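Student: Provide a 3D model corresponding to the input given below.
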Amino acid sequence: MRVGLLIYGSLDILTGGFLYDRLLVDYLRREGDEVEVISLPWRTYGRHLSDNVSAAFFQRLCRASCDVLIQDELNHPSVWWLNRRLKQRAGYPLVSIVHLLRSSEARPAWQNRFYRWVERRYLQTLDGLIFNSRTTGRQVEALIGPGCPSVVAYPGCDHVRPTLSPDAIAARAEQPGALRVLFIGNLIPRKGLHVLIEALAGLPQADWQLTVIGALDMDPAYVRRLRRQIDQVGARAQIRLLGALPHEHVVPHLASHQVLAVPSLYEPFGIVYVEALGFGQPVMATTVGAAHEIISHGREGFLVAPGDSPSLARHLSHLHADRRELVRMSLAARQRYHSCPTWDDSARRIRHFLSTLVKP
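Tutor: All right, here's what the predicted structure looks like:
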């Protein structure tokens, strides 16, 4: 099978969506498929819209030697209108990997009305849809209605391999002292680090330590706001901002910390949640998005409403004070991890789905 993949930038970008795309490409190539990655440069949303009238871009897609063209939904502004011409000219089916609808993020209503209008017209041009969660699939169906062939392929659990035994996980949970809290995610408002800092600031400083792993350059204004917040609550000694780290350097932190807290304002799946489960970390997430498909409230972690720092603080304080409960939830997290699919499991589902769309 010859597969094209349209993305912005590079597959090496450190986000969950690009990891998903990259590991899918790796799997397809291992199975003997030819994969051509077609990359567009990162620009503003308005500049991306102009790609629809670029003759050179249109011809490039028409010349692509593929049986199916996959488009990361992130690229929707570049092809929302062009796809209609491409379907008439190219002859191959168009499939989108939908990680996150832009119109589902928190922003002024008038902006999301515009994004929703563009995304709806883009999604209506497709022959197939790949979803990272059932929640994302329901959102798309609410936008365009049922009928488009689709598959749900969860991100895999085995990109970062756990290194701790159940006994080691229990011993870690019982270690006295401050609760070691880990946040992994790029420092952008949607990930909710400001909510976590607000929650921790309401607890005695001796009760917690926070390590933050994630890119510091994606939203410099937000990072400056976070640094001011840290100074205002007097928590420089308790909070470490480590920046982005390669996965092999993340593993020791997953092994040594006791709780993962990423209270995103919206999370379409949350690959880091699954990775943390494998290391026996209870997960603090929110009730919006697909976290509930991974975390059962009160079993492997806690789900709070977006922005609800008092509830987040209460759950963290509870785990700090009750180490038996922390042990129980840590072991439940590890058990939940073992029920998750591997990356090969999910990529195999996608490959089979693509094969049903390719013309014989």
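Student: Which neighbouring elements make contact with the host helix or strand of residue 139?
Tutor: Assigning secondary structure by DSSP states H and E places residue 139 in helix 134-144. When contacts are defined as 3 or more C-beta pairs under 8 Å, 6 or more residues apart in numbering; DSSP states H and E, helix 134-144 packs onto strand 94-98, helix 109-123, strand 128-131, strand 150-152. (Each C-beta comes from the backbone N, C-alpha and C, glycine too.)
Student: next one: it to chain centre, how far?
Tutor: Its chain's C-alpha centre and that of helix 134-144 lie 16 Å apart, by C-alpha atoms, centre = their mean, to the nearest Å.
Student: Give the buried residues for that helix.
Tutor: 135-137, 139-141, 144 (16 or more other C-beta atoms under 10 Å).
Student: Nearest to residue 328 among those?
Tutor: residue 135 (27.1 Å; C-beta to C-beta).
Student: Show me where the stretch 201-350 of the chain has its helices.
Tutor: 220-232, 247-256, 271-278, 309-321, 323-337, 343-357 (DSSP state H, counting those that start in this stretch).
Student: Please name whichever of those helices is nearest to residue 212.
Tutor: Nearest to residue 212, of all those, is helix 220-232, at 8.6 Å by C-beta to C-beta.
Student: now that closest one: mean pLDDT?
Tutor: Throughout helix 220-232, pLDDT has a mean value of 96.
Student: Quick check, residue 244 in contact with residue 218.
Tutor: No. At 9.3 Å, residue 244 does not count as touching residue 218 under the criterion of C-beta atoms under 8 Å.
Student: Give me the common contacts of those two.
Tutor: Counting by C-beta atoms under 8 Å, 6 or more residues apart in numbering, the shared contacts of residue 244 and residue 218 are residue 186.
Student: quick one: the helix holding residue 139 to helix 109-123, angle?
Tutor: 90 degrees (axes from the mean of the first three to the mean of the last three C-alpha atoms, to 10 degrees).
Student: what about helix 134-144, average pLDDT?
Tutor: What helix 134-144 shows for mean pLDDT is 95.
Student: ok, residues contacting it?
Tutor: Residues contacting helix 134-144 (C-beta under 8 Å, 6+ apart): 98-101, 103-104, 116, 119-120, 123-124, 129, 131, 150, 152, 268-269, 289-290, 292-293.
Student: same thing with stretch 125-133?
Tutor: By C-beta under 8 Å, 6+ apart, stretch 125-133 touches 20, 70-71, 79-80, 83-84, 87, 93-99, 123, 137, 140, 148-155, 268-269, 289-290, 293, 350, 353-354, 357.
Student: swap in stretch 327-337?
Tutor: 157, 162, 164, 166, 169-170, 172-174, 258, 274, 276-283, 294-296, 299-301, 319.
Student: Name the residues of that stretch that are buried.
Tutor: Neighbour counts over stretch 327-337 (16+ other C-beta under 10 Å) mark 327, 329-334, 336-337 as buried.
Student: Restrict that stretch to CA atoms and write it as CSV.
Tutor: C-alpha atoms of stretch 327-337 as CSV (Å, rounded to 0.1, in the frame of the first residue of the first chain):
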residue,chain,number,x,y,z
VAL,A,327,-0.6,2.5,47.5
ARG,A,328,-4.0,1.2,46.5
MET,A,329,-4.5,3.7,43.7
SER,A,330,-0.9,3.3,42.5
LEU,A,331,-1.4,-0.5,42.1
ALA,A,332,-4.7,0.1,40.4
ALA,A,333,-3.0,2.4,38.0
ARG,A,334,-0.5,-0.2,37.1
GLN,A,335,-3.3,-2.8,36.6
ARG,A,336,-5.2,-0.4,34.3
TYR,A,337,-2.1,0.1,32.2
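Student: Just give me the closest of the buried residues of stretch 327-337 to residue 42.
Tutor: Using C-beta to C-beta, these come closest to residue 42 at residue 337, 33.6 Å.
Student: quick one: that closest one from residue 162, how far?
Tutor: According to C-beta to C-beta, to the nearest Å, residue 337 stands 7 Å off from residue 162.
Student: go on, residue 264?
Tutor: Taken as C-beta to C-beta, the span from residue 264 to residue 162 is 23 Å.
Student: again with residue 66
Tutor: Distance from residue 66 to residue 162, by C-beta to C-beta: 37 Å.
Student: cool, and residue 140?
Tutor: Distance, residue 140 to residue 162, using C-beta to C-beta: 32 Å.
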